[in-house]
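A.B. asks: just coords:
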């Protein structure tokens, strides 16, 4: 990131905005905190693309990797849209969700891939022609999903469907919001 971009970012989001963890390709993160322990992270999809889809297939995209240490995920929200780049799946209604495992294989439902929707259960999208799917959820386990120090730190945006046709790419737009607390680490 250039100095001017960093200065602009700080002016926009203020002195309590921080950068921690890493994002996937075509995703950038805005983190907000008042105390350095409790965070709201916005993951913005800007140029992110699911790989080619056809037939019965589940795919995923690495959206974020949490920093080292223990953290508790309190809530998550998706507000994302898919656009069928070739127009072959405009009317498809795939499942979309968040998990710590990437969606993969010949699966029409995310529940067929272990932990591909353990953060936000697959939501049925209205279409693949730009309609935003918006869903917020409080996490399980007494209100929090605990990720131990040795636990998986990755967060994937996953999708599954019996695709109507072949699609060379599936661009993603919108945001994912995460509310979480850092319980250890720096």
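C.D. replies: Sure, I can see it. Quick caveat, the model's predicted, so the values are computed rather than measured.
A.B. asks: so which residues of this structure form helices?
C.D. replies: Using DSSP state H, the helices found in the chain span residues 3-13.
A.B. asks: residue ranges with poor pLDDT in it?
C.D. replies: 1-19, 140-144, 185-186 (pLDDT under 70).
A.B. asks: give me the most central residue, it.
C.D. replies: residue 157 (4.0 Å; Cα atoms, centre = their mean).
A.B. asks: bridge partners for that one, pull those for me.
C.D. replies: On the basis of DSSP bridges, residue 157 is bridged to residue 61, residue 98.
A.B. asks: could you pull up the residues touching it?
C.D. replies: 45, 48, 60-61, 63, 78, 80, 96-98, 172, 176 (Cβ atoms under 8 Å, 6 or more residues apart in numbering). Quick note: C-beta positions are derived from backbone N, CA and C, even for glycine.
A.B. asks: any chance of a markdown table for those, columns neighbour count and distance to residue 111?
C.D. replies: Converted to a markdown table, those look like this (neighbours: other Cβ atoms under 10 Å; distance: Cβ to Cβ, whole Å):
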| residue | neighbour count | distance to residue 111 |
| --- | --- | --- |
| 45 | 23 | 23 |
| 48 | 23 | 23 |
| 60 | 24 | 14 |
| 61 | 21 | 19 |
| 63 | 25 | 20 |
| 78 | 23 | 17 |
| 80 | 23 | 19 |
| 96 | 26 | 13 |
| 97 | 28 | 9 |
| 98 | 29 | 13 |
| 172 | 23 | 21 |
| 176 | 24 | 20 |
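A.B. asks: residues in a beta bridge with the residue nearest to residue 40 when sequence neighbours are not counted, which ones?
C.D. replies: Among residues not flanking residue 40 along the chain, residue 32 sits closest, at 4.7 Å (Cβ to Cβ, 6 or more residues apart in numbering). Beta-bridge pairing for residue 32 (DSSP bridges): residue 17, residue 40.
A.B. asks: cool, residue 57 as well?
C.D. replies: residue 161.
A.B. asks: still on that earlier bit, so the residue nearest to residue 40 touches residue 20, yeah?
C.D. replies: No: in this structure, residue 32 is not within contact of residue 20 by Cβ atoms under 8 Å, at 11.3 Å.
A.B. asks: contacting residues for residue 46?
C.D. replies: Contacts of residue 46 by Cβ under 8 Å, 6+ apart are 26-28, 173.
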